[in-house]
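*Asks:* dropping a prediction and its sequence here:
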Amino acid sequence: MDNRLTPFALLAALALVPRAAFCGESSAPVFPLGSTPGAPRSVTPSKVRGGSAERAVLTALGSIDSANASSESVSQAIVQLGSEAVDPLLDVLILGKFAEPVGEFGNVTRSVQRAHLSAMTQSIKLLPWESVRGIIAKRFHPSEPLRSRLILCRLLAEVAPAADLSMLGAAVSGDGKAIPRDAHRSYGTALARWIHRDPEAVSHFPELVKTVHPSLLRISIEALRGGEDEAALSAMCRSLGVHARYDATLLMEIADQSKTARRPAATEVLANIRPFVTSLDPNCALEAVSALGRLDDVGAVESLIAQMKSDSPTMRSRAKEALEILADERIGSDASAWANWFVAATEWHETVAPEVTLRLRNGPVTQRSQALLEFARYRVFRHDLDETIIEALKDRDEGIVIIACAVLGHYATVPATNALVEALDAESVKVRKAALEALHRSTGKRHGELRSEWIAAGFGTPTEDAAAAPTK
């Protein structure tokens, strides 16, 4: 007798499932995110797992082997069971095997293969998440074995929406004990997969930090940093203050990320870091100082000068290093000397800079070149002065344009970099060369000699004809 389960037999088996299963009634308290759960109207999990819904799920999975059914058709069939299929699917995922009912001859035990995993994952994806979430949250709690919780992570990495990133952390947080190192890879792989599937996941990273176990924080950050640099930096900065014991680690990673992040950083990023310069935790303060220097936060100059008076030699050294990066000055280790310099520089900016601007715009060639060199001395105010220097790129004198390119290379602001990229299309070979050298200095990158190459690398302002930019 041929006991293989045909697709028609599969549909017949599903037809035997009670009508409630097809109506999508839940097997666990189901409620929308953020609402208060009410009394469940569903069948209890024990009845579901021991009843016809469980049998239908196992029969459907078995048909992949016994009737050569496709994982897509099997997932569609399982979805008809509604949320009552979730508990049996989770049981199979955790055990890694299932007993397929085969007529009157009993069961056939099968190990879970790739096709089964695909069918199960796709089934849960197709079900309304609001009905699935409550079941998963109830089934996977801290008392569950770590292996079960890691399996949950892999499942969540495939099916959970962005707002539920924190469930990945809750799945492995457990009872507070350290997570074994051999389990880190499984968790990290799941998290990386989740972020890869949904790029918007990085915006919910602070929610994960609330729940993740300390031993998994660095694994989480590594997965986060596998994506886009600016998004990773922003997500880590917004996670500051969420959990005090994680701040020092986050700031250390932020300072490291700042080495390659685009400068200046976004205003909200800098605003999250600045308060930690005066943190009572010395590690937090040190890393915040380093990060602000690398992120080109000229607004932090006064607070950095204050740190030059610290009792800590390490802090004084870090603050001096950050100030030298921001100001492009070498004044030494005397806090009062830095303070005097900043007072004088501020006075120049408020009283003299307007006059220098007029000379740059209207003076003869000699005064215009001298004005550019004077602007170069006050790099600390580059975010206020860069537009004035950019105007000089249109000067009728080639020598003035070349000097302006050099100054913009030292300024290294976003508008300055964009203007230098545009200058790569200048008619003058000398101007193009000056712009390219300035870009090398300001970005530390070498993307070729063409404007189109820098645009493709993410610099400059793309235009509709950027792809068709002429080659030289």
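*Replies:* Received, thanks. Residues are numbered from 1 along each chain as shown.
*Asks:* what's the burial count for Thr351?
*Replies:* 9 (other C-beta atoms under 10 Å). To be clear about C-beta, it is placed using only N, CA and C from the backbone, and glycine gets the same treatment.
*Asks:* please read the previous query as pertaining to Ala255.
*Replies:* Quick note: Ala255 (other C-beta under 10 Å) scores 21 neighbours.
*Asks:* surely it touches Ala291?
*Replies:* Yes. Between Ala255 and Ala291 there is a contact under C-beta atoms under 8 Å: 4.3 Å.
*Asks:* where does the stretch 101-250 of the chain have low pLDDT?
*Replies:* Scanning the stretch 101-250 of the chain with the threshold set as pLDDT under 70 gives 103-105.
*Asks:* residues in contact with Gln122?
*Replies:* Ser71, Glu72, Ser75 (C-beta atoms under 8 Å, 6 or more residues apart in numbering).
*Asks:* report the buried members of those residues.
*Replies:* Ser71, Ser75 (16 or more other C-beta atoms under 10 Å).
*Asks:* in helices, which of the contacts of Gln122 appear?
*Replies:* Ser71, Glu72, Ser75 (DSSP state H).
*Asks:* between those residues, which is nearest Glu427?
*Replies:* When the ones in helices among the contacts of Gln122 are compared for distance to Glu427 (C-beta to C-beta), Glu72 wins out at 59.3 Å.
*Asks:* which stretch of helix or strand covers the residue nearest to the closest one when sequence neighbours are not counted?
*Replies:* Distances taken as C-beta to C-beta, 6 or more residues apart in numbering put Gln122 closest to Glu72, at 7.0 Å, once the chain neighbours are dropped. Of the helices and strands defined by DSSP states H and E, Gln122 is found in helix 114-126.
*Asks:* just how off-centre is that helix within its chain?
*Replies:* Here the centre of helix 114-126 is set off from its chain's centre by 27 Å, with C-alpha atoms, centre = their mean, to the nearest Å.
*Asks:* repeat that for stretch 306-323.
*Replies:* That offset, for stretch 306-323, works out to 31 Å (C-alpha atoms, centre = their mean).
*Asks:* now do that stretch: everything it contacts.
*Replies:* 277, 282, 285-286, 289-290, 292-294, 300-301, 304-305, 329, 331-335, 338.
*Asks:* try 10 Å this time
*Replies:* Outside stretch 306-323, the residues within contact range by C-beta atoms under 10 Å, 6 or more residues apart in numbering are 255, 277-278, 282, 285-295, 297, 300-301, 303-305, 329-339, 341-342, 380.
*Asks:* ok, back up a step: between Ala255 and Ala291, what contacts are shared?
*Replies:* Ile273.
*Asks:* name the SS class of Thr260, please.
*Replies:* coil (DSSP: H, G, I helix; E, B strand; the rest coil).
*Asks:* that one contacts Glu228, doesn't it?
*Replies:* No. Thr260 lies out of contact with Glu228 (C-beta atoms under 10 Å); the separation is 11.7 Å.
*Asks:* sorry, back to before: from the contacts of stretch 306-323, which would you call buried?
*Replies:* Here, 16+ other C-beta under 10 Å leaves 255, 277, 285-295, 297, 300-301, 303-305, 329, 331, 335, 338-339, 341-342, 380 buried among the contacts of stretch 306-323.
*Asks:* just the residues you listed: which are in helices?
*Replies:* For the buried ones among the contacts of stretch 306-323, secondary structure assignment (DSSP H) places 255, 285-294, 301, 303-305, 335, 338-339, 341-342 in helices.
*Asks:* next up, the contacts around Leu150.
*Replies:* Contacts for Leu150 (C-beta under 10 Å, 6+ apart) come out as Ala171, Val172, Ile179, Ala183, His184, Arg185, Ser186, Tyr187, Thr189, Ala190.
*Asks:* at 6 Å what do you get?
*Replies:* Contact partners of Leu150, counting by C-beta atoms under 6 Å, 6 or more residues apart in numbering, are Ser186.
*Asks:* quick check: buried residues in the host helix or strand of it?
*Replies:* Here Leu150 sits within helix 146-159, counting by DSSP H and E. The neighbour-count check on helix 146-159 (16+ other C-beta under 10 Å) flags 146, 148-159 as buried.
*Asks:* of these, closest to Ala423?
*Replies:* Nearest to Ala423 among the buried residues of helix 146-159, counting by C-beta to C-beta, is Ala157 at 45.6 Å.
*Asks:* which non-adjacent residue is nearest Trp292?
*Replies:* Actually, residue 292 is Leu rather than Trp. Ala300 (4.5 Å).
*Asks:* now what about the top helix by length along the chain, what contacts it?
*Replies:* Assignment by DSSP H gives helix 181-197 as the longest helix of the chain. Counting contacts by C-beta under 6 Å, 6+ apart, the residues outside helix 181-197 that touch it are 146, 150, 153-154, 157, 168, 172, 201, 216, 219-220, 223, 226-227.
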